[in-house]
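Participant: quick check, what structure comes out for this input:
(4 chains)
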2 protein chains.
Amino acid sequence: MSAAPGTAPDKRRLILNAAVRVFARQGFHACRVSDIADEAGVAYGLVYHYFASKDEVLDTLFLERWNVMLELIREVDAQPLPVREKLGAIASFIIDSYHHDPDLMKVIIVEVTRAANSFGDTHIGTIREAYELIGGMISKAQAEGVFKAEIEARFAAMAFYGAIEQLLTGWIFGLLPAGEEEFERAKWLVVETVCGGLETSAVGEAQVG
Amino acid sequence: MSAAPGTAPDKRRLILNAAVRVFARQGFHACRVSDIADEAGVAYGLVYHYFASKDEVLDTLFLERWNVMLELIREVDAQPLPVREKLGAIASFIIDSYHHDPDLMKVIIVEVTRAANSFGDTHIGTIREAYELIGGMISKAQAEGVFKAEIEARFAAMAFYGAIEQLLTGWIFGLLPAGEEEFERAKWLVVETVCGGLETSAVGEAQVG
DNA sequence: GATTGTTGACTGACTAGTCAATCTATTCTG
DNA sequence: CAGAATAGATTGACTAGTCAGTCAACAATC
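Facilitator: Presented below is the predicted three-dimensional model:
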């Protein structure tokens, strides 16, 4: 299926990486398969040797990344940590993912996560799983009395994930300043906003910094 | 530009409304211009009498709706209300918009993110304005000491808007239960989450209900 | 008869996916 | 170990179909 690591060029990977750049630059629908082949420096037909269709290239990119995230969430969930730290780990993972490969995250968000009627529908089950795991964490925190019970866990999970995704969107479209510092800060910020809230009212054991 | 209100069939409006349904059902890229014309019950060519291109139909839908929202945000901003109520009014407007015309909001959320990518940055300026207005409200609340100063207003604005948008996405994808009650509840919920936070710690002048 | 609205067949450009040929690496055989 | 056989990798010209946008004609209205 794949070549030995190190020496071989691994054209399949080459094509996937090229596809990320092309999809990010032009969008999935606007780019041609020949653009991907050109970017990868391989022949047109080779794309179809490794992938059944243009769609399958995007599917592969999405699933590879999303499964890593699902695994991370499951791992975090299994550990006996406070919710804040669990949510922090998830936010960190997503933001680090963007930091490490902004093009890939852009493609996933723009072409899959928000794409009803196309790829979003295809992967809805996988996407849902992530939301449900987060919802479960929140639900547990509610049972423990750490989180308010009046806010449905499912809704809170969506709000939490949406807040993170919107930060990425802000970076993608240049609406927010991006950079090492901003990324680190954003991790804390999103958790603080959702858990502690924006209001000052709760002064007491506020540990800032 | 448009016909007199009331009597005339106003084919332009007919085409726009049909486009909303078709875009929502099939997606912008997957649908043909003939689908829009058929849905509207007009001839293919008439679409090009009123719009320069398929893109322009989508642009029009987006701008019409987004400008109404901008106006609402400006109005709310001008009034001397507590932040919570201002943010609540924005959340209410967006959720009511979805309640009133889910197809249109679906199209705007699903297609415009991608459109912002491929259509050039035409809409980015308009979108940015909304975020800046919300950021301004939060900033002001921080100056008044109602909101924590450590969370940058711009980021908080994105998180707030992202939380709302993700709720709509949840409804669009059928990930969240939808209905009159859920919509009303979601309005309160998103504001409570972002302003008060999910944590219970701040017990004191918590006014639920 | 001039202006504006309306029609739908047609065209021209574009592109996903196919396929037969060629190349490369590895194994088999005498 | 030559060299034959096999399997997989790689190539790119080609096909078959799609669809946005045009246009010339016709209808309605003033």
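Participant: quick one: A:Val191 from chain B, how far?
Facilitator: Using C-beta to the nearest C-beta, to the nearest Å, A:Val191 is found at 10 Å from chain B. Using the backbone N, CA and C atoms, a C-beta is placed for each residue, glycine as well.
Participant: for DNA strand D, what's the nearest residue on chain A?
Facilitator: A:Gly45 (1.7 Å; C-beta to the nearest atom of the strand).
Participant: next SSE after the one helix or strand A:Val68 maps to?
Facilitator: A:Val68 belongs to helix A:54-78 when elements are defined using DSSP states H and E. Using DSSP H and E, the helix or strand that follows helix A:54-78 towards the C-terminus is helix A:83-100.
Participant: so what touches that next one?
Facilitator: A:65, A:69, A:72-73, A:76-77, A:79, A:81, A:104-105, A:134, A:137-138, A:140-141, A:146-147, A:160, A:164-165, A:167-168, A:171, A:180, A:183, A:186-188, A:190-191, A:194-195 (C-beta atoms under 8 Å, 6 or more residues apart in numbering or on different chains).
Participant: so among these, which ones count as buried?
Facilitator: Buried by 16 or more other C-beta atoms under 10 Å in any protein chain shown: A:65, A:69, A:72-73, A:76-77, A:104-105, A:134, A:137-138, A:141, A:146-147, A:160, A:164-165, A:167-168, A:171, A:183, A:186-188, A:190-191, A:194-195, out of the contacts of helix A:83-100.
Participant: neighbours of A:Tyr131, just the number please.
Facilitator: By the other C-beta atoms under 10 Å in any protein chain shown criterion, the neighbourhood of A:Tyr131 contains 20 residues.
Participant: the one 4 residues further on too?
Facilitator: If you count neighbours by other C-beta under 10 Å, A:Gly135 ends up with 20.
Participant: can you tell me the SS state at it?
Facilitator: Under DSSP: H, G, I helix; E, B strand; the rest coil, the three-state class of A:Gly135 is helix.
Participant: then A:Tyr161?
Facilitator: Secondary structure for A:Tyr161, judged by three-state DSSP, is helix.
Participant: by mean pLDDT, flag the weakest helix or strand of chain A.
Facilitator: Lowest by mean pLDDT, DSSP states H and E among the helices and strands of chain A is helix A:119-122, with a mean of 94.
Participant: who in chain A is up against DNA strand D?
Facilitator: Counting by C-beta under 7 Å from any atom of the strand, the residues of chain A lying close to DNA strand D are A:9, A:11, A:42-46, A:48-49.
Participant: and these, which of them are in strands?
Facilitator: Using DSSP state E, no member of these sits in strands.
Participant: among those residues, which one has the lowest pLDDT?
Facilitator: Scanning these for pLDDT, the low point is A:Pro9. It has 66.
Participant: give me the low-pLDDT residue ranges for chain A?
Facilitator: Along chain A, segments meeting pLDDT under 70 span A:1-9, A:202-209.
Participant: close to chain B, is stretch A:124-131?
Facilitator: Yes. Judged by C-beta under 8 Å from any C-beta of the partner chain, stretch A:124-131 comes into contact with chain B at A:124, A:127-128, A:131.
Participant: residues touching A:Val22, list them.
Facilitator: Counting by C-beta under 8 Å, 6+ apart, A:Val22 touches A:31, A:35-36, A:39.
Participant: against which helices or strands is the helix or strand that contains A:Thr126 packed?
Facilitator: If you go by DSSP H and E, A:Thr126 is part of helix A:124-143. Helices and strands touching helix A:124-143, by 3 or more C-beta pairs under 8 Å, 6 or more residues apart in numbering or on different chains; DSSP states H and E, are helix A:54-78, helix A:83-100, helix A:153-172.
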